[in-house]
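Colleague: next one to model:
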Amino acid sequence: MRGDADEARRNDGLVVNATELMERVRARDADAFEALYDAYHRLVYGVALRVLADPASAEDVTQTVFLKLWSSPGSFREGNFPGWLARVTRNRALDLLRSRAAHPQLEFPEAMPEDDALEDTVFAQLDREIVRRALGRLADHERTLVELGFFGGLTHQELARRTNTPLGTVKTRIRTALRKLRTALDGVAAG
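Modeller: Residues are numbered from 1 along each chain as shown. The predicted structure follows:
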């Protein structure tokens, strides 16, 4: 019984912490975004993987969800952040499944998706391509750390061990890479 109460307190702390971090993300704080990613990327990837049963697609959905979180932080207003994030992830994964099930491009599906679902699908595909191009502009050592951390689900400590790089250097390289990505993505959003 005591263990359940301790777990509930820890979970409440995560939700409160996530709400505070989202306030900072709205103010364009990259450190807050990184902290949210560190805390929740495994949840997002896990939900996407359960829905899609494909690691590469789950990575794409994870990337899309966090890109959307950074570019539209106002989409989360209040409430249970992990629950909201899991629901957003599930919806993105289901959208991807629906788009795969569509007929070949030369044929029109019998039932066209509603405008909102079509828009979301198009924007998700555009977002992925924009992020891929921005990632391609990073130095190899930065891109590797971002890909292993964000899409491979590795912690900073695991990245340091795997790449035989000091922990501080890993954190600095990731922070630098995220700032470069933010600059590149802000430039696209402004253009």
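
Colleague: for this structure, what are the low-confidence residue spans?
Modeller: By pLDDT under 70, the low-scoring segments of the chain are 1-16, 101-129, 152, 187-191.

Colleague: just give me the neighbour total for V61.
Modeller: Residues contacting V61 under the criterion other CB atoms under 10 Å number 29. (Glycine included, C-beta is placed from N, CA and C.)

Colleague: does it touch H41 like I think?
Modeller: No. If you go by CB atoms under 8 Å, V61 and H41 don't touch, sitting 11.4 Å apart.

Colleague: what residues are up against the residue sitting nearest the centre point of the chain?
Modeller: When CA atoms, centre = their mean is applied to the chain, the residue found nearest the centroid is F66 (2.5 Å). Residues counted as contacts of F66 (CB atoms under 8 Å, 6 or more residues apart in numbering) are F33, Y37, H41, V44, F150.

Colleague: may I ask which helix or strand encompasses it?
Modeller: Take DSSP states H and E as the rule and F66 turns out to sit in helix 55-71.

Colleague: CA atoms of that helix as CSV?
Modeller: Extracted in CSV, the C-alpha atoms of helix 55-71 (Å, rounded to 0.1, in the frame of the first residue of the first chain):
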residue,chain,number,x,y,z
PRO,A,55,10.5,0.4,-35.0
ALA,A,56,11.3,2.7,-37.9
SER,A,57,7.7,4.0,-38.1
ALA,A,58,7.6,4.4,-34.3
GLU,A,59,10.8,6.5,-34.5
ASP,A,60,9.2,8.7,-37.2
VAL,A,61,6.1,9.2,-35.0
THR,A,62,8.2,10.0,-32.0
GLN,A,63,10.1,12.6,-34.1
THR,A,64,6.8,14.0,-35.4
VAL,A,65,5.2,14.2,-31.9
PHE,A,66,8.2,16.0,-30.3
LEU,A,67,8.5,18.3,-33.3
LYS,A,68,4.9,19.2,-33.0
LEU,A,69,5.4,19.7,-29.2
TRP,A,70,8.2,22.2,-29.9
SER,A,71,6.5,24.0,-32.8
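
Colleague: for stretch 60-77, list every residue counted as buried.
Modeller: By neighbour count on 16 or more other CB atoms under 10 Å, the buried set for stretch 60-77 is 60-71, 73, 76.

Colleague: likewise stretch 40-49?
Modeller: In stretch 40-49, counting by 16+ other CB under 10 Å, buried: Y40, H41, V44, Y45, V47, A48, L49.

Colleague: kindly report the same for stretch 154-161.
Modeller: L154, H156, L159, A160.

Colleague: my guess is the first one contacts T163, does it?
Modeller: Right, the one you point to is L154. No. Checked against CB under 8 Å, the pair L154 and T163 is beyond contact range at 9.5 Å.

Colleague: name the residues contacting each of the two.
Modeller: Joint contacts of L154 and T163 (CB under 8 Å, 6+ apart) are L148.
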